[in-house]
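1. Just a sequence and a predicted model for now, questions to come.
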Amino acid sequence: MVDVTPLLEPSERALQDAQALCTDAQDVVHATTRLAVDILALDARVRWVSEGMLEQFKLAAAVAKTLEAQRQRLLDQVKEWDAQRAQHVSALDAVLDACGAQLVPVSFYHTDALADDSDVFRDPDSADHQPHVNGVAKAKQPQKTLRDFIDERAIEDAGDRVDDERNRFDDLLAASMRAQASLEAHVDFLQLPQTDYPEVNPEPALLDQEKHAARMAAHLTALARHYEQVCAAAREGVAAQDAEVLARDTEELPAIVAELRDFAGRILDIQTHLSEQHQTAHANLAALRATQAHLDALEKQLETTLADEDALAGTAADILEHLHAHLDALAALRETYASYRLAYARLVLELDRRARYSAAAEEVVLGALAQLDAMREEEMRDRALFFAEQGAYLPDDLCLYVGAMPPPTELAQGPREELPILDERDVAEARRNVDLSEGRL
């Protein structure tokens, strides 16, 4: 095994540098997006004065398109989350179904046990143990499964919390759609004339920023993966060949960080370029001396809508964070019940081992008793023979105990240990489940 500890420091430093660059770049992207919206708003004011209402209409339409694009991004994110949730729920259901298919021998449980509401597991008979009708016991209940001991209220509560958060997200999307519809209706009502005034379009610059940011994110992911590999190798050791690969990758880190700085510079250049456009728009607006009063209402609506959308985007990000935390909770539940099922299989194997131990111990005791009885019989014969041959020649008062027989030997055997009754099929199934979990099958 090769020590790769020296690779930790440069790998961590490269990752930290990359995280800082990506964080700064993301801040610049967000600021540039807001800057682009401001440019569109300023440009709209110029159009109102210089070229008429049609240009204002185009701006409002562009803002509406921006709202639609933002809503579409949110919708894509929540659809991705929905897919992940479906996977987590499917995995949890698979574990629960497996628990539901696992029969538990009747001797494993007692119907008068009390449930512990604080646990994720419960006694399925806690509410109606030993039911009777008119003094007569009810019919025998079906054999229980592992799932009968699970408190599925915890799962239902987690699902309710997830649904509440998901509904809040849908409400945000609906609010964004209503804002866009209201803005489009206002623009349509104005019936703006057509003009050939040049259009300001910061979208290509924003797209370029998104491309650079995506490349930075890909590099950051690669650096994080490399750092995790180095950490794992430092903890567990690694072969020489793999250590050489990690070393080569570490040597390439400065180049990757340099490329990240280049992308960050490009993103900043785009912001600088848009800042210049923003300053130009301000200069154009300052040169204008008159405005059209009938566009004030639309301008106020645009400002209100954009402010509302900024707040909506922040709220949506918070909700998505909570939703992903709920996915972690579902994964934890799945892991809990998978571990519960595996623990039950190991319990069956443990009880089978104890039963075999008890049987072997009992066999040893019975064998020892039989051997001691045989030895005593032989000793009694030997003493009788001696007394028959030599007793006539020995005075009675020479040895008072010469005619005594050997006392019987007693072995105390404790009470048999109470163990559940196991079927060989239960033991075989438990052994198969453990082998599967440990990769032996």
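-> Everything's here; your move. Numbering: from 1, shown residues only.
2. When you work out contacts or count neighbours from here on, use the C-alpha atoms and nothing else.
-> Noted.
3. what's the burial count for G159?
-> Residues near G159, counting by other Cα atoms under 10 Å, number 15.
4. actually Q279, not the one I typed
-> 14.
5. Just the element for it, please.
-> Per DSSP states H and E: Q279 is located in helix 253-287.
6. just checking, what packs against that helix?
-> Packed against helix 253-287 by the contact rule (3 or more Cα pairs under 8 Å, 6 or more residues apart in numbering; DSSP states H and E) you find helix 8-50, helix 203-236.
7. and the shortest one, what other elements does it pack with?
-> The elements that helix 203-236 packs onto, with contact taken as 3+ Cα pairs under 8 Å, 6+ apart, are helix 8-50, helix 240-251, helix 253-287.
8. what would those look like in CSV with distance to D208 and mean pLDDT?
-> Formatted as CSV, the helices and strands packed on helix 203-236 follow (distance: least, Cα to Cα, whole Å; pLDDT from 0 to 100):
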stretch, distance to D208, mean pLDDT
helix 8-50, 10, 84
helix 240-251, 28, 80
helix 253-287, 8, 84
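9. Any chance of JSON lines for those, columns distance to A329?
-> Shown next, in JSON lines, are these (distance: least, Cα to Cα, whole Å):
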{"stretch": "helix 8-50", "distance to A329": "27"}
{"stretch": "helix 240-251", "distance to A329": "34"}
{"stretch": "helix 253-287", "distance to A329": "35"}
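10. Buried deepest among those helices, which one?
-> Of all the helices and strands packed on helix 203-236, helix 8-50 has the most neighbours on average by mean count of other Cα atoms under 10 Å, namely a mean of 19.
11. Nearest to D397, out of the helices and strands packed on helix 253-287?
-> Across the helices and strands packed on helix 253-287, D397 has its closest neighbour in helix 203-236 (82.6 Å, Cα to Cα).
12. got the angle for that closest one vs helix 8-50?
-> Put simply, helix 203-236 runs at 170 degrees to helix 8-50, going by axes from the mean of the first three to the mean of the last three Cα atoms, to 10 degrees.
13. returning to that earlier point: skip ahead from the helix holding Q279 and say which helix or strand is next.
-> helix 296-390.
14. thinking again about what came up before, so which of the helices and strands packed on helix 253-287 comes closest to E389?
-> helix 203-236 (79.4 Å).
15. any idea how far the residue nearest the centre of the chain lies from M405?
-> Centroid-nearest residue in the chain: D328, 3.3 Å away (criterion: Cα atoms, centre = their mean). Distance check for D328 against M405: by Cα to Cα, to the nearest Å, it reads 77 Å.
16. since we're on the closest residue to V4 other than its chain neighbours, how many residues are nearby?
-> Closest residue in space to V4, ignoring its immediate chain neighbours: A234 at 5.5 Å, by Cα to Cα, 6 or more residues apart in numbering. Around A234 there are 18 other residues, counting by other Cα under 10 Å.
17. Residues contacting stretch 221-241, please?
-> Stretch 221-241 is touched from outside by 1-5, 7-8, 11-12, 14-15, 18, 246, 249, 253, with contacts defined as Cα atoms under 8 Å, 6 or more residues apart in numbering.
18. what about 7 Å?
-> 1-5, 7-8, 11-12, 15 (Cα atoms under 7 Å, 6 or more residues apart in numbering).
19. Now do the buried residues in it.
-> Buried residues in stretch 221-241, counting neighbours by 16 or more other Cα atoms under 10 Å, are found at 223-224, 226-227, 230-231, 233-234, 237-238.
20. and which of these is nearest I267?
-> Nearest to I267 among the buried residues of stretch 221-241, with distances taken as Cα to Cα, is L223, at 20.2 Å.
21. Please tell me how far the closest one sits from G391.
-> 100 Å.
22. Equivalent analysis for L347, please.
-> For L347 relative to G391 (Cα to Cα), the value is 64 Å.
23. go on, E80?
-> E80 sits 103 Å away from G391, going by Cα to Cα.
24. Give me the pLDDT value at E80.
-> On pLDDT, E80 comes in at 92.
25. Quick one: residues contacting it.
-> Per Cα under 7 Å, 6+ apart, neighbours of E80: none.
26. tell me the helices in the stretch 1-150 of the chain, going along the chain?
-> With DSSP state H, counting those that start in this stretch as the criterion, the stretch 1-150 of the chain has helices at 8-50, 53-101.
27. Out of the ones you listed, which is closest to E424?
-> With Cα to Cα as the criterion, E424 lies closest to helix 53-101 of these, at 17.3 Å.
28. Now do the closest one: distance to the chain's middle.
-> Put simply, helix 53-101 sits 19 Å off its chain's centre (Cα atoms, centre = their mean, to the nearest Å).
29. got the angle between that helix and helix 203-236?
-> When the same axes, to 10 degrees is applied, the directions of helix 53-101 and helix 203-236 differ by 30 degrees.
30. before we move on, back to that, the contacts of stretch 221-241 into a markdown table, with extra columns for distance to A360?
-> A markdown table is the format used below for the contacts of stretch 221-241 (distance: Cα to Cα, whole Å):
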| residue | distance to A360 |
| --- | --- |
| M1 | 45 |
| V2 | 49 |
| D3 | 49 |
| V4 | 51 |
| T5 | 52 |
| L7 | 56 |
| L8 | 55 |
| S11 | 58 |
| E12 | 58 |
| L15 | 60 |
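31. Relative to D17, how far out is Q229?
-> For Q229, the distance to D17 equals 18 Å [Cα to Cα].
32. Correction: the previous question concerned I319.
-> Using Cα to Cα, I319 is found at 29 Å from D17.
33. E379 now?
-> Distance, E379 to D17, using Cα to Cα: 90 Å.
34. Which helix or strand contains G439?
-> Using DSSP H and E, G439 sits in no helix or strand.
35. tally of neighbours for it?
-> Residues lying near G439 (other Cα under 10 Å) number 8.
36. what's it in contact with, if anything?
-> Residues near G439 by Cα under 7 Å, 6+ apart: none.
37. May I have the residues that are in contact with L172?
-> Listed by Cα under 7 Å, 6+ apart, the contact set of L172 reads L312.
38. and whichever strand or helix holds it, how far out from the chain's middle?
-> If you go by DSSP H and E, L172 is part of helix 153-190. Its chain's C-alpha centre and that of helix 153-190 lie 25 Å apart, by Cα atoms, centre = their mean.
39. Now do the buried residues in it.
-> Under the neighbour-count criterion of 16+ other Cα under 10 Å, helix 153-190 has 155, 158, 162, 165-166, 169-170, 172-173, 175-177, 179-180, 183-184, 186-187 buried.
40. returning to what we had before: show me the one of the helices of the stretch 1-150 of the chain that comes nearest H282.
-> Checking the helices of the stretch 1-150 of the chain against H282 by Cα to Cα gives helix 8-50 as the closest, at 6.8 Å.
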